[in-house]
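Student: return a 3D structure for these sequence lines:
(chains A, B, C and D, ligands or ions: 2)
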Amino acid sequence: MSLEELYREVILDHYRNPRHRKPLDRADAHAEGVNPLCGDEVTVELAVTDGRISDVAAIGQGCSISQSSASMMTDAILGKTVEEVRDLIQRFKAMMDIDHEADLGLDPDRPGAVLGDLEALQGVRRYPVRIKCANLPWTTLAQALDQLSAS
Amino acid sequence: MSLEELYREVILDHYRNPRHRKPLDRADAHAEGVNPLCGDEVTVELAVTDGRISDVAAIGQGCSISQSSASMMTDAILGKTVEEVRDLIQRFKAMMDIDHEADLGLDPDRPGAVLGDLEALQGVRRYPVRIKCANLPWTTLAQALDQLSAS
Amino acid sequence: MSGLEHLRADFPVLQREIGGKPVHFLDSAASSQKPTSVLEAMDDFYRCCYANVHRGAYALSVESTERYEAARSRVASFINASDPTQVAFARGATSALNLIAHGWGGEHLRPGDRVLLTEMEHHANLVPWQMVAARTGARLDFVPLTDDYRLDLEALEQKLDDDVAVVGVTGMSNVLGTIPPIPRIAEAARTVGALLVVDGAQLVPHQPVDVQTLGADFLVFSAHKMLGPTGIGALWGRPERLEEMEPYEGGGEMIADVQLHTSTWAAIPHRFEAGTPPIAEAVGFAAAVDYLDKVGMDQVAAHDADLTAYALQLLAEIPHVTVYGPADVDARGGVISFTMADVHPHDLATILDQQGVSVRAGHHCAKPLMRRLCVPATARASFYVYNTRTDVDALVEALGVASRIFGVG
Amino acid sequence: MSGLEHLRADFPVLQREIGGKPVHFLDSAASSQKPTSVLEAMDDFYRCCYANVHRGAYALSVESTERYEAARSRVASFINASDPTQVAFARGATSALNLIAHGWGGEHLRPGDRVLLTEMEHHANLVPWQMVAARTGARLDFVPLTDDYRLDLEALEQKLDDDVAVVGVTGMSNVLGTIPPIPRIAEAARTVGALLVVDGAQLVPHQPVDVQTLGADFLVFSAHKMLGPTGIGALWGRPERLEEMEPYEGGGEMIADVQLHTSTWAAIPHRFEAGTPPIAEAVGFAAAVDYLDKVGMDQVAAHDADLTAYALQLLAEIPHVTVYGPADVDARGGVISFTMADVHPHDLATILDQQGVSVRAGHHCAKPLMRRLCVPATARASFYVYNTRTDVDALVEALGVASRIFGVG
Ligand SMILES: Cc1ncc(COP(=O)(O)O)c(C=O)c1O
Ligand SMILES: Cc1ncc(COP(=O)(O)O)c(C=O)c1O
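Tutor: Ligands and ions are numbered 1, 2, ... in the order given. Okay, here's the model as predicted:
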């Protein structure tokens, strides 16, 4: 597993050009995540219209893995129903599970790539200490969703 | 070095029949010594008349070494001048010094036994952890003498 | 005989001869010897994968962190804790008790509150409470012993009222061997809403302990008394109690965020582990509980009981020997305090040592208990997995030498 | 080249290969590796003469106690303390700083008093003071850094007034490498009667330190950063300051007498060592300072300086690398913090690790300093006796890989 497979183009692109980084004017849910050991931070804001994510922001600072994961996440969830987003969180966490044996393929551009760009993060699985970086935005997203259901 | 040489008759006798164990009616000096690690205690009281130890008490509790040392000490200093007592403290401490090479002889009854009965305590030198037991009354005595000179 | 005789070979110190005599080590209550597997675990760790923990993304540090956290899980599973986050590593039982007294007691005790201890506590479960009582205005109270050296449970129940905020009790007395019935005490404490702190320094090494049935809120123990290294111990706490407890030490690793003037704390248990923890010691601690679990804690307890019964019986036959502790082996562990006539315990220890028998003499860090027993000190023999009846025989024979030298009996 | 290349062979970990690459260990500021002599000293001790200390009259315990107290003397002589009783063993620098903050500060700080720290303190010399300030009503104040990452001594002198009760300063920054002039700070502190606490966690392992000329009232350091084991550190104090300090932990070994409701303390330094101390760790600590003294602390410092100068020069040639710390090797030690363009330090650390180069990335337990430097984190390379220029070359080469992967420069 070479470093090039960890730091794929698409990851560095999302790291340097994060999508949806602007705070929302009106957020229906808001959650802050921090990884105390490395200091990485991600804030997730969601707007929901008719049961779908109508707007999203992920604002944070940290390593390329946590920040690109956040950016790709915003792309991936926009327009999806809350149900679909919960499903996506499951899939992402499953992909990140080191014990997960199935080879999900490494090429986000191949036909049928379930998670799209996000599959580029599969390389992280080989660096167990960095998995928590990739997961941080998703854990924070889950907290934001919990807020939605609570209110 | 057998245990019999450590626990000589004379030591056990002083342990079981301590001399001068009654508190003085009138003491010119009084000092309390305690060995925090083993808990042994000795209180020394002195009465001085015309520069000589006219009366003495050593009251305490602890092992046979500390208590016999205290008892023999009272016998040894009674009637001596303060100067002579200071000299005796020096000699006793020297005898207890493990680095002290000179063989002072082990028989308190032999002619010329400088410290008399006290020489029976020489056996303690071979049990370094017990030396502080033998020394406790003497250190306390030195404190009592310091009080005399202070007042 | 309990069939653990083969274990002795695992303990390098016990292969030694001192002054031409084999080592009859009967002071495990002060600290136990270490098997080769524990020493090798630490040595190998330093040689193969040492680095500071929680601090680096590089391979050695990742490995080191995994070993440290795996040790926490291992120690947690040894006492059947439901989650490793319920276990914080401390320097030892003393440190852990200070953390509880200062970190929980210092926060929650109020003037008029009472801390109910027992007359047989080790200084480690007494002095910290004295310090905290002085600071908070709480008062200390003590459960007495019965004439057969057990905890007086009726007195305990009488003293338990709504003012009692904390009950602190040793799981096994390091002087008498007494094992008070913790589950019953826990129930009594619960009825008045008092916190139960169990000093497991002697209990955990010698008896199977399951925190899910014990009933305690906090349990502490030291690795060095259970075949592990010096420099480490453990604090187990119910999660809700751990959450109520303030950290006692500040520094690295225990923070969530630090500003110049204020800080916030990391999650439990890391908030109680300021600074670089005892890393290699944790690895050794895990190897020690591995060893104990392989023997089986039921076996360990049965072995202790066998030696204790054997020793109590032989000691009873020696004239002028007085034993302090319950006669019934079911109510006690393998710690036997005794005196012989007017022979001072320090003299006994010296004489026994000359026969190759290592016992401790003194107040055993339990001065109030010595006063209660009306003795300045006792001699104490204590057993562990590597002891055999031969050690007990050597003790008895050495006591014969002592009585001859002192002309006793 | 400083001629210490042969030492590397003494360190087992460094003989390892990870992922087919030799270990270029550049994280000694977090914790150092251990030479064989230290590991053997501890292992031999456990195998030959282990027992609890200060507790028994028997041979093993006497031997163990002698080794423990000899270790204290050895550590005391390493810093040229005039008497071993001026040294107390603690769990580490963090523990020792907590003891000072709580045990001295908690007793003597009054509302309105100020504790003057610096902007570059490790959390270990900050968080305990925050805790004590909250308890006593004292306030914290901070000496800023100059633009070239030195301590601003003019600002320090301006801030020093009669309200300053304590000055706390690191002997060497674990982030910047900055070595502030302690004797000069000591003089300034003395003029206002303030106590000077020096955090020597980084200084003592890397520079000759003589407490008789340093001018500090307290000095703390950790064994694990100076070739010794985890689980132990030392506190040195002037005798009169130690006498003023209350014990922080209560328990066995630290008492003179214990009654049910009150206790009195043992003499210094034992009153600060409650419970069973880190005995084997003390033996290892002594072996570590033996090793360092055999190398010679002047040699150690010169070796650090050589590698630091070499590294600073090579790093300056890499585009987009920013180094945080004094440029002058006379004002600094062998700790180099840096960043590279927009590559996050954690990514750097991962990439370097794949090249066999171990550096630390993060806030280095100095969050306020990170804010002052306006970076969330830095990467940090740090040197010790076993490092060579080859390690520095490997670092530089690995940074090349990182810049290629991230398309920097
Ligand atoms: C009952 C009891 N509690 C507490 C302690 C203190 O343990 P440590 O010295 O390991 O902190 C001991 C050991 O001496 C003990 O026997
Ligand atoms: C400057 C400084 N002070 C204090 C500490 C804390 O040392 P320890 O973690 O050994 O307690 C460290 C180490 O991280 C340090 O670098």
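Student: from now on I want contacts and neighbour counts done on CA atoms only, so please keep to that.
Tutor: Fine.
Student: I'd like the average pLDDT over the host helix or strand of C:Y46.
Tutor: C:Y46 is part of helix C:36-48, with elements assigned from DSSP states H and E. Computed over helix C:36-48, the mean pLDDT rounds to 98.
Student: which elements pack onto that helix?
Tutor: In this structure, helix C:36-48 makes packing contacts with helix C:279-295, helix D:36-48, judged by 3 or more Cα pairs under 8 Å, 6 or more residues apart in numbering or on different chains; DSSP states H and E.
Student: after the first one, which helix or strand is next?
Tutor: What it means is helix C:279-295. In the C-terminal direction, the helix or strand that comes right after helix C:279-295 (DSSP H and E) is helix C:297-316.
Student: give the residue farthest from the middle of chain C.
Tutor: Distance from the C-alpha centroid of chain C peaks at C:L260, with 39.3 Å (Cα atoms, centre = their mean).
Student: what's the burial count for the closest residue to that residue other than its chain neighbours?
Tutor: The spatial neighbour of C:L260 that comes closest, neighbours along the chain excluded (Cα to Cα, 6 or more residues apart in numbering or on different chains), is D:P368 at 6.0 Å. D:P368 is surrounded by 22 other residues when neighbours are defined as other Cα atoms under 10 Å in any protein chain shown.
Student: cool, and C:L99?
Tutor: Once other Cα under 10 Å is used to define contacts, C:L99 is seen to have 23 neighbours.
Student: touching, it and C:Y248? I think so.
Tutor: Yes: using Cα atoms under 8 Å as the test, C:L99 is close enough to C:Y248 to be in contact (5.8 Å).
Student: returning to what we had before: pick the most buried one from the helices and strands packed on helix C:36-48.
Tutor: Of the helices and strands packed on helix C:36-48, the one with the most neighbours on average (mean count of other Cα atoms under 10 Å in any protein chain shown) is helix C:279-295, at a mean of 24.
Student: so which elements touch it?
Tutor: Contact here means 3+ Cα pairs under 8 Å, 6+ apart; on that basis helix C:279-295 packs against helix C:36-48, helix C:59-78.
Student: list of residues touching that helix?
Tutor: Where contact means Cα atoms under 8 Å, 6 or more residues apart in numbering or on different chains, the residues beyond helix C:279-295 that reach it are C:35, C:37-39, C:41-42, C:45-46, C:52-53, C:64, C:67-68, C:71-72, C:74-75, C:78, C:89, C:223, C:226-232, C:300, D:229-231.
Student: averaged pLDDT, it. What do you get?
Tutor: Model confidence over helix C:279-295 averages 98 on the pLDDT scale.
Student: report the angle between that helix and helix D:279-295.
Tutor: 140 degrees (axes from the mean of the first three to the mean of the last three Cα atoms, to 10 degrees).
Student: does helix C:279-295 come close to ligand 2?
Tutor: No: contact of helix C:279-295 with ligand 2 is not found when judged by Cα under 6 Å from any ligand atom; the minimum separation is 11.1 Å.
Student: pLDDT below threshold where in the chain?
Tutor: I went with chain A, as the question did not name one. A:1, A:98-114 (pLDDT under 70).
Student: um, chain C though
Tutor: Scanning chain C for pLDDT under 70 picks out C:1-2, C:55.
Student: how's it carved up into domains?
Tutor: Recorded structural domains for chain C (assignment: automatic domain parsing) are C:5-27+C:297-405, C:49-293.
Student: just give the nearest non-adjacent residue to the closest residue to chain C within chain A, would you?
Tutor: Using Cα to the nearest Cα, the single residue of chain A nearest to chain C is A:P36, 5.5 Å away. Spatial nearest neighbour of A:P36, chain neighbours left out: C:A256 (5.5 Å); criterion: Cα to Cα, 6+ apart.
Student: so what does whichever strand or helix holds the one you found touch, helix or strand wise?
Tutor: C:A256 belongs to strand C:255-258 when assigned by DSSP H and E. Here strand C:255-258 touches strand C:263-265, helix D:367-373, going by 3+ Cα pairs under 8 Å, 6+ apart.
Student: any idea how far A:L3 is from C:A88?
Tutor: 36 Å (Cα to Cα, to the nearest Å).
Student: what is the burial count for the residue nearest to C:V258 when sequence neighbours are not counted?
Tutor: Using Cα to Cα, 6+ apart and skipping the chain neighbours, the partner closest in space to C:V258 is D:K367 (6.0 Å). As a burial measure, D:K367 scores 24 neighbours (other Cα under 10 Å).
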